[in-house]
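J.: Here you go, sequence then predicted model.
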Amino acid sequence: MGLTEDILSEVDTKPIDDIRIGIKYTGVIVDNRVGVGRTIYDQCETPLKVGNLIGTKAADLICSEKTIEASIGCAAINAQLTPGGKIDKGNIFERIIKMAEDFKTIGVVGRFPFVNKITGNVYVFEKNPIPGCLPASKADELLPKCDLVVITGSAFVNKSLEHLLEISGGYTMVIGPSTPLSAVLFEFGADLLAGIHCENRSVLDVVGQGGGTRDFSRMVDNIIMEKR
């Protein structure tokens, strides 16, 4: 089985009780727990079950070719995962900035605000490149050469995470609210996971009104899981 299938085997895939699809994030409630996933969509995309998404399950959506449905599926999975193993709480950005001092070459998949605070040789890869970033297509060539790799959890939504973990050549982190806090990722090459755990239903109101990470940060626990 692949990464997605292995993660699905860890959850009950209970039906979604409530949902908000925001500009930045999608939030759902499953069995009184909140899950979040990055909203990724093509402007021409419409969920196949629009108007009937409540009651669907993570397994119905995460494997969809429609990224908007995969965003919902990611959020539904995250609502059902319970972090385990070696767990810490804290600001992952601060940890990365400090750790980066000990690594020669750093690869970052996704444009994070901490990037400007890292000195040294840093490659930043983006699917929709902006100034200072490399196209995602360059990751296959350069990511295996990096000593420290940071991958956005959004890669789980667009189905590139398993490949990125496979080609990563250094100490590898998967971070962000979309990150599934599952030890399965360690089996596929991750060394550290940083995501969120939330039971505050108000997060749905925030994401539904276009809010992002900073807007719901006080409503969630920032969880860091490390490979044993």
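T.: Received the coordinates, thanks. Since we're looking at a predicted model, the values are computed, not measured.
J.: From now on I want contacts and neighbour counts done on CA atoms only, so please keep to that.
T.: Fine.
J.: Now the helix or strand of the chain with the lowest mean pLDDT: buried residues?
T.: The weakest-scoring helix or strand in the chain, judged by mean pLDDT, DSSP states H and E, is strand 86-89 (a mean of 86). When burial is assessed from 16 or more other CA atoms under 10 Å, strand 86-89 yields no buried residues.
J.: counting contacts, what elements does it pack onto?
T.: Judged by 3 or more CA pairs under 8 Å, 6 or more residues apart in numbering; DSSP states H and E, the packing partners of strand 86-89 are strand 221-226.
J.: Could you tell me the average pLDDT over the strand it packs on, please?
T.: Throughout strand 221-226, pLDDT has a mean value of 94.
J.: CA atoms of it as PDB?
T.: Extracted in PDB, the C-alpha atoms of strand 221-226 (Å, rounded to 0.1, in the frame of the first residue of the first chain):
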ATOM      1  CA  ASP A 221      -2.200  23.000  20.100                       C
ATOM      2  CA  ASN A 222       1.000  23.000  18.000                       C
ATOM      3  CA  ILE A 223       2.300  19.400  18.100                       C
ATOM      4  CA  ILE A 224       5.800  18.200  17.200                       C
ATOM      5  CA  MET A 225       6.300  14.400  16.800                       C
ATOM      6  CA  GLU A 226       9.800  13.000  16.300                       C
END
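J.: in stretch 147-167, what counts as buried?
T.: 147-159, 161-162, 164-165, 167.
J.: Which residue, other than its chain neighbours, is closest to residue 23?
T.: residue 210 (5.1 Å; CA to CA, 6 or more residues apart in numbering).
J.: Now do the SS call for the one you found.
T.: coil (DSSP: H, G, I helix; E, B strand; the rest coil).
J.: Could you pull out the helices in this protein for me?
T.: Applying DSSP state H to the chain gives helices spanning 3-8, 58-61, 67-80, 92-99, 139-142, 161-167, 184-187, 202-208, 213-216.
J.: Sketch out the low-pLDDT regions of the protein for me.
T.: Residues of the chain that meet the criterion pLDDT under 70 lie in 1, 43-49.
J.: and the residue nearest the centre of the chain, what does it touch?
T.: Centroid check for the chain by CA atoms, centre = their mean gives residue 153 as the closest residue, at 2.0 Å. Counting by CA atoms under 8 Å, 6 or more residues apart in numbering, residue 153 makes contact with 161, 174-180.
J.: Distance of it relative to residue 191?
T.: 14 Å (CA to CA, to the nearest Å).
J.: One more: residue 101?
T.: Counting by CA to CA - residue 101 and residue 191 are separated by 18 Å.
J.: So for those two, which sits in the more crowded spot?
T.: Using other CA atoms under 10 Å as the criterion, residue 101 and residue 191 rank with residue 191 on top: 20 against 12.
J.: Now do the contacts for the more buried one.
T.: Residue 191 touches 171-173, 226-227, counting by CA under 8 Å, 6+ apart.
J.: now with 10 Å?
T.: Applying CA atoms under 10 Å, 6 or more residues apart in numbering, one finds that residue 191 lies in contact with 149, 165, 170-174, 183, 185, 225-228.
J.: taking the contacts of residue 153 one by one, which sit in strands?
T.: 174-175 (DSSP state E).
J.: between the contacts of residue 153, which has the most around it?
T.: residue 180 (32 neighbours).
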